[in-house]
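In: Would you be able to build a 3D model of this:
(2 chains)
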There are 2 protein chains.
Amino acid sequence: MMFAKIDTPAVLVDLDIAEANIDRFQAHCDAHDLAVRPHIKTHKLPMLAQRQITAGAIGVTCQKISEAEAMIAQGGIDDVLLTYNVLGPQKLARLQALAKRVRLTVVADNSTVVQGLAATFVDATDPLRVLVECDTGAARCGVVSPEAALSLAKRIAEAPGLSFAGLMTYPPDGRDAEVQDWLSRAKALIEDAGQPVAVVSNGGSPGMWRAEAVSVATEYRIGTYAYMDRSLVARGVARWSDCALTVLATVISVPTQTRAVIDAGSKVLTSDLLGLAGHGHVLGRPDITVAGLSEEHGVLTASEIGLTVGTQVRIVPNHACVVANMLDHVELIRGDAHVERTPVVARGQVW
Amino acid sequence: MMFAKIDTPAVLVDLDIAEANIDRFQAHCDAHDLAVRPHIKTHKLPMLAQRQITAGAIGVTCQKISEAEAMIAQGGIDDVLLTYNVLGPQKLARLQALAKRVRLTVVADNSTVVQGLAATFVDATDPLRVLVECDTGAARCGVVSPEAALSLAKRIAEAPGLSFAGLMTYPPDGRDAEVQDWLSRAKALIEDAGQPVAVVSNGGSPGMWRAEAVSVATEYRIGTYAYMDRSLVARGVARWSDCALTVLATVISVPTQTRAVIDAGSKVLTSDLLGLAGHGHVLGRPDITVAGLSEEHGVLTASEIGLTVGTQVRIVPNHACVVANMLDHVELIRGDAHVERTPVVARGQVW
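Out: Coordinates of the predicted model:
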């Protein structure tokens, strides 16, 4: 068995592969003079954040304060972009504490968020850097027009304790020209009004190999690229051999010649589909479909399943970022060698 | 705001509702002389397992050894059915330790599992009780015919250290007559061969209110009933007011009149659909669709969204069991009163 000493189901992270992924994208961006700001929500591991900085990243991106706290405490990170509208007394108090420990930038897409930040940082020695989040087509958060971006940028610039630092977007994949146009217009409007736009932050693993297409961007936020996954292989962004995160599972039942059951279900693989059919790719067995998941069971089907009870299989999940968040620990490997078990430091917290 | 002191996103568990759910189903089964063996994978909380026993349950069901260990250590539980094929040296060693602390029953659906159990328990003072898992139509684990059940029952009965204790199935919902027929035939075959079939374990929350329809069953395993969820409301099994588990979220952005974004995404609500469209039900706002989830964002849509930034909303998720597994803590409430934060003891472990 490949990893007989590792009890299953387990999340394996191949450091050789992850490091190669990190280095390859850093080189791509270096060649295009684009800064890299990795999103640590994918791995939640201080050691990989450090590795990303060593490779050349200018800082990290976090989605929650607890993620930033973990990276600072254990990862020695000193530059954090928190790409989230921070609201409410508990989060604002923690944000204030965070800003004293690190070069912190946050985002805002509405005046309620700006008011909360301004009230919290009114007496801060260093103003808090705030980017305006822009909806360039993904229809999640973000101001919906360049004019609205200008309006919010002015509010930020006028607030004591805050400093307008630029623009940020979570872009719709495959619509680079639209994104470029939107952000360029917003930047021009704001600069014409006298405010410099120092940072334009774009991102997303699906568009990683054409990151430079949105040339107005100064930095690229990217998470999944460290691990890759089935969704990115399906989009042509990675190969199976680039997938650093796999789920190790054991075949626990082979009821028929066409069906086997493994001990990995939705509580480790998750139900994320990302537009795909099936719940993962069994390495070395492209003929197998991960046809169904219940909480602790995965059902594999094939015209000839050819597996025996007790056999280990490795599965590339549809979406690595959510799988890395499911268990308290991941198992670090290099090729066939087991390195060590490590806690997923920044998981399980409310915010 | 309803729970202003609770930071979001948070998983709320209303104990008044959970206790009423537990008592109502126990009364239903008492009236039909059917034993209840709750599945604690839903809540993973020793205090609720204790409450289920107090209500009249004969013991609990667990899906993983770590769940059983947590229930024994903190819940004072002394009777556990582990409804899983246990395989491999690590798990078998832990199973052996578990069997010394509790009245333990496991299942098997193949001879490899039986051999592993037999080798582990060959010298045990008390034989380990083993049920034969039967596939009565759900096409997950289980022997695929009553004749195969007889054959495996014989192997178990012949193994020193093991004791054949009966049959177990995870049934296909809505096919009670098939399940009854399958299990009755298997029971008759095995009893005709001289082996008593003491236990016939059936289960499933979707079929809970007709649990007695499979009259050959002696006990009913049930998990989600304690919390209920959107999938069970959709199936007519529960009302919104029976849903004990909700996700408390805050509106962080209202980009348009038809769209709002909340701070609960797939890392708390999960992507489980269970055949439904949308990712949850916003209590009090049946007109809202939880249209999309990314990891830390949920997108709400409605013809008139009518929400403001900072407002809290409560969402009944599609599937309560997986949501209870996402965060390290849940917030216990009773109606509008916050009782306390409690750790989800049995979550995050490999097995």
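
In: quick one: the helices in the stretch 51-200 of chain A?
Out: A:65-75, A:89-99, A:111-121, A:146-158, A:176-192 (DSSP state H, counting those that start in this stretch).

In: Of the ones you listed, which stretch is the most buried?
Out: For the helices of the stretch 51-200 of chain A, ranked by mean neighbour count under the definition mean count of other CB atoms under 10 Å in any protein chain shown, the leader is helix A:65-75 at a mean of 22. The way it works is simple: take the backbone N, C-alpha and C, and place the C-beta from them, glycine included.

In: Which among the helices of the stretch 51-200 of chain A is found nearest to residue B:167?
Out: Proximity to residue B:167 (CB to CB) singles out helix A:65-75 among the helices of the stretch 51-200 of chain A, at 46.1 Å.

In: angle of the closest one against helix A:89-99?
Out: 30 degrees (axes from the mean of the first three to the mean of the last three CA atoms, to 10 degrees).

In: and the closest residue to residue A:6 other than its chain neighbours, what element?
Out: What sits nearest to residue A:6 in space, not counting adjacent residues and going by CB to CB, 6 or more residues apart in numbering or on different chains, is residue A:331, at 5.5 Å. Residue A:331 is part of strand A:329-334, with elements assigned from DSSP states H and E.

In: now the helices of the stretch 51-200 of chain A as a markdown table including mean pLDDT and distance to chain B?
Out: A markdown table is the format used below for the helices of the stretch 51-200 of chain A (pLDDT from 0 to 100; distance: least, CB to the nearest CB, whole Å):
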| stretch | mean pLDDT | distance to chain B |
| --- | --- | --- |
| helix A:65-75 | 91 | 10 |
| helix A:89-99 | 96 | 4 |
| helix A:111-121 | 98 | 4 |
| helix A:146-158 | 98 | 9 |
| helix A:176-192 | 98 | 14 |
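
In: Residue A:316 is nearest to which of those helices?
Out: helix A:65-75 (24.1 Å).

In: Could you tell me which other helices and strands the closest one packs against?
Out: Applying 3 or more CB pairs under 8 Å, 6 or more residues apart in numbering or on different chains; DSSP states H and E, we find helix A:65-75 packed against helix A:46-55, strand A:60-62, strand A:79-85, helix A:89-99.

In: List the contacts of the last one.
Out: Spelled out, that is helix A:89-99. Identification of contacts with helix A:89-99 by CB atoms under 8 Å, 6 or more residues apart in numbering or on different chains yields A:65, A:68-69, A:72, A:80, A:82, A:86, A:104, A:106, A:116-117, A:119-121, A:124, A:126, A:128, A:351, B:7.

In: check contacts around residue A:313.
Out: A:248-251, A:262, A:282-283, A:285, A:300, A:307.

In: Report the contact partners of the residue lying closest to residue A:53 once chain neighbours are set aside.
Out: Closest residue to residue A:53 apart from its sequence neighbours, by CB to CB, 6+ apart: residue A:77 at 6.8 Å. Residues counted as contacts of residue A:77 (CB under 8 Å, 6+ apart) are A:46, A:49-50, A:53, A:59-60, A:68, A:71, A:102.

In: if we can go back for a sec, which among the helices and strands packed on helix A:65-75 is found nearest to residue A:198?
Out: strand A:79-85 (12.6 Å).

In: do the closest one and chain B meet at all?
Out: Yes - counting by CB under 8 Å from any CB of the partner chain, chain B has neighbours in strand A:79-85: A:84-85.

In: what mean pLDDT would you report for that strand?
Out: Averaged over strand A:79-85, pLDDT sits at 98.

In: For the most centrally placed residue in chain A, list the residues it contacts.
Out: Nearest residue to the geometric centre of chain A (CA atoms, centre = their mean): residue A:223, 3.2 Å. Going by CB under 8 Å, 6+ apart, residue A:223 touches A:38-42, A:61, A:205, A:321.

In: Report the two of the residues you listed separated the most.
Out: A:40 and A:205 (13.4 Å).

In: Just the residues contacting the worst-scoring helix or strand of chain A on mean pLDDT, thanks.
Out: Least confident helix or strand of chain A, by mean pLDDT, DSSP states H and E, is helix A:65-75 with a mean of 91. Helix A:65-75 has contacts (CB under 8 Å, 6+ apart) with A:40-41, A:44, A:46-47, A:49-50, A:60, A:62, A:77-78, A:80, A:82, A:86, A:91, A:94-95, A:98, A:101-102, A:104, A:345-346, A:349-351.

In: Separate out the buried members of those.
Out: A:40-41, A:44, A:46, A:49-50, A:60, A:62, A:77, A:80, A:82, A:86, A:91, A:94-95, A:98, A:102, A:104, A:345-346, A:349-351 (16 or more other CB atoms under 10 Å in any protein chain shown).

In: Regarding chain A, what is its longest strand?
Out: The longest strand of chain A (DSSP state E) is strand A:245-256.

In: Could you list the buried residues of it?
Out: Buried residues in strand A:245-256, counted by 16+ other CB under 10 Å: A:245-255.

In: Let's have the residues you listed in TSV, adding pLDDT and distance to residue A:291.
Out: Below are the buried residues of strand A:245-256 laid out as TSV (pLDDT from 0 to 100; distance: CB to CB, whole Å):
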residue	pLDDT	distance to residue A:291
A:245	98	21
A:246	98	19
A:247	98	16
A:248	98	19
A:249	98	14
A:250	98	18
A:251	98	14
A:252	98	16
A:253	98	14
A:254	98	14
A:255	97	13
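
In: Once you drop chain neighbours, what's closest to residue A:272?
Out: Per CB to CB, 6+ apart, closest to residue A:272 is residue A:319, 4.0 Å.

In: For the one you found, report the pLDDT, please.
Out: Looking at residue A:319, its pLDDT reads 98.
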